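[1] 3D, please:
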Amino acid sequence: MFNLFKKKAVDLFTADQKELITSSIRSAEERTSGQIRVFIESKCSNKNTLQKAKELFYRLKMEETKEHNGVLVYVAIKDKRLAVFGDEGIHQKVGDTFWNDAVQKMISHFNKENYAYGIARVVQEIGDALQLHFPHDKNNDINELPDDIVFGK
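    All right, here's what the predicted structure looks like:
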């Protein structure tokens, strides 16, 4: 079991758990032109979690994707706060209900202390939505953003 109050965000996951998350990102992105990033930190410095995710989205330059189809999964583990923020291209296709459902699914996994699996599973579902609306084009698609997990404080 995680001892959440003594570890930094980067230390909250084992190497295998980190690989599970990054491989889910790579797997999802192989099927779409969309881009997914995961940002994990211990505490959220903003009272509005979605606003924090949006700020990080722009700080990571995710709005620069060609089709505006980047998605950020944001998790503040110790504060038990999370959000999913999608750029305008994908948001216009799936809407608020999709993002809210993604958050609820992660919460369901987190309540069972399945943090890495919950993140990986939601990344795959986001990948499914991106594939539906922005299918992979093997001749033109490039990986526009890194697939690694970004760890904050």
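
[2] What's the first helix or strand after the helix or strand where residue 130 lies?
    Taking DSSP states H and E as the criterion, the element that holds residue 130 is helix 115-133. Where DSSP H and E defines the elements, the next helix or strand beyond helix 115-133 is strand 149-151.

[3] Name every strand pairing with that following strand and say which way it goes.
    strand 35-41 (parallel) (DSSP bridges).

[4] Now do the partner strand: everything it contacts.
    The contact list for strand 35-41, computed with C-beta atoms under 8 Å, 6 or more residues apart in numbering, reads 9, 12-13, 21, 25, 28-29, 53, 56, 60, 62, 65, 69-77, 119, 123, 126-127, 130, 143-146, 149-153. The way it works is simple: take the backbone N, C-alpha and C, and place the C-beta from them, glycine included.

[5] quick one, the longest helix along the chain and helix 115-133 angle?
    The longest helix of the chain (DSSP state H) is helix 88-110. Relative orientation of helix 88-110 versus helix 115-133 (axes from the mean of the first three to the mean of the last three C-alpha atoms, to 10 degrees): 150 degrees.

[6] Show me what the helix holding residue 130 is packed up against.
    helix 15-29, strand 35-41, strand 70-76, strand 81-86, helix 88-110 (3 or more C-beta pairs under 8 Å, 6 or more residues apart in numbering; DSSP states H and E).

[7] Does residue 135 touch residue 31 like I think?
    Yes - if you go by C-beta atoms under 8 Å, residue 135 and residue 31 touch, sitting 7.3 Å apart.

[8] I'd like the distance between the nearest residue to residue 110 once chain neighbours are set aside and residue 108.
    The shortest distance from residue 110 to any residue other than its chain neighbours is 5.4 Å, reached at residue 118 (C-beta to C-beta, 6 or more residues apart in numbering). Applying C-beta to C-beta, to the nearest Å, the value for residue 118 to residue 108 is 7 Å.

[9] What of residue 29?
    24 Å.

[10] who's more crowded, those two?
    Counted by other C-beta atoms under 10 Å, residue 29 and residue 108 do not tie: residue 29 has more neighbours, with 22 against 12.

[11] who's in contact with residue 61?
    So residue 61 contacts residue 145 (C-beta under 8 Å, 6+ apart).

[12] how much space between it and residue 150?
    Relative to residue 150, residue 61 is positioned 12 Å away (C-beta to C-beta).
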